[in-house]
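J.: Below are the sequence and a predicted model for it; my questions follow.
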Amino acid sequence: MSDSANLSAGQYQQRISNLIERRRLHLATQELALALTEFPDDSDLLYEAARIDVEHTHFEKAKDTLLQLLTRDPEHLAGRFLLVSVYEALKELVKSEAVLLDLLREHPQNATLYAHYSLLMYRTLHVKKADALAREAFRLDPNNDQALAACLMGDLIKGNQNAQKIKLSELLRKYPEDQWTSRLLIVHLTEQGKYWSAKRIAIELLRAQPDSAEILGMVVQLETLTHWTMIPLWPFNRWGVGATIGFFLLTLFGLTQLNNYIGGEWTGTINTTLISYCVYSWIYPSLLTRWLQRRAGI
């Protein structure tokens, strides 16, 4: 570019950063290539190179660039914080946590770091620890959006009314990287039988991504599990195949014993009730799911 002559490394970095913020990544890449020919060892330019790689989801390349940067400039705060996100994207969560802990030791009053650590703990399904970290982040800075998002996740899990005051969906739209944390949390809560908590988060996630058929299907499945007519089937939903097999065997054993020790009309009534319950548990959930899917337009 003709207007790039005689620019300092800092001026280049500011221009590249502005282009990235405006999502003009092709121009940012061109500007970066020109800047690095003049300042190949500049830490801030290497950081912007990693940012571009992250925007292109080239996370391995971004990691290599950041490690090169931090070898030369170990105290580069923005580079270290970006490395946390890159490690998360690569699912190297132990390394991500290690970098975060180092940053927190150096900056114990930084609410953003606590909030990010909280979201990482939600992702690794350490829910109680995540909630405690979120509360600390919010205490340090009540206006921090990520701290608020982490707190709202905890409130939704516990069913607190505070979660209704500010929509988590608005924060998830603002920080889309937190949506994967929400998805993992929904799966974890569902596996733990906490269907209402999972449903509340899934609804907020759907509001953030209203065109996602996948998330809509997730909400419908949770609507099925929380429907009042499914309450008698909670043990089957909670413990899955094991509960089904156990109940089936118990039913067979119970019917045999009833036939041996109880006679008359009571045997027929109890047999009919148990068999009806088994048929209900096998057939009804799929019928309810289909009806809810049709109602949702799936």
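T.: Everything's here; your move. Numbers count the residues shown, from 1 in each chain.
J.: From here on, just use CA atoms for contacts and neighbour counts.
T.: Noted.
J.: State the distance from residue 201 to residue 189.
T.: To residue 189, residue 201 is 10 Å away according to CA to CA, to the nearest Å.
J.: Who has more neighbours out of those two?
T.: residue 201 (25 against 20; other CA atoms under 10 Å).
J.: Now do the contacts for the more buried one.
T.: Residue 201 sits next to 153, 156, 157, 182, 186 when contact means CA atoms under 8 Å, 6 or more residues apart in numbering.
J.: count of residues packed around the second one?
T.: Using other CA under 10 Å as the criterion, residue 156 is surrounded by 21 other residues.
J.: got it, and the first one?
T.: Applying the criterion other CA under 10 Å, we find 26 residues in the vicinity of residue 153.
J.: Excluding chain neighbours, what is closest to it?
T.: Of all residues not flanking residue 153 in the chain, residue 201 sits nearest, at 7.1 Å (CA to CA, 6 or more residues apart in numbering).
J.: Show the backbone phi and psi for that neighbour.
T.: Main-chain torsions, residue 201, degrees, to the nearest 10: phi -70, psi -40.
J.: Number the chain from 836, please
T.: Shifting the count to begin at 836 puts that one at residue 1036.
J.: tell me the pLDDT at it?
T.: We have a pLDDT of 80 for residue 1036.
J.: Okay, helices next: where are they in the stretch 986-1133 of the chain?
T.: Counting by DSSP state H, counting those that start in this stretch, the stretch 986-1133 of the chain has helices at residues 1003-1009, 1013-1026, 1030-1043, 1048-1061, 1069-1096, 1100-1131.
J.: so where's the protein uncertain?
T.: Applying pLDDT under 70 to the chain flags residues 836-840, 994-1016, 1019, 1023, 1069-1106, 1109-1110.
J.: Domains in it, by residue range?
T.: Domain assignment of the chain by automatic domain parsing yields the ranges 836-927, 944-1042, 1062-1133.
J.: Out of those, which gets nearest to residue 937?
T.: domain 836-927 (9.6 Å; CA to CA).
J.: Pull the residues that contact the host helix or strand of residue 852.
T.: Assigned by DSSP states H and E, residue 852 falls within helix 844-856. Applying CA under 8 Å, 6+ apart, the contact partners of helix 844-856 are 839, 860, 862-864, 866-867, 870, 874, 877, 879-880, 883, 887.
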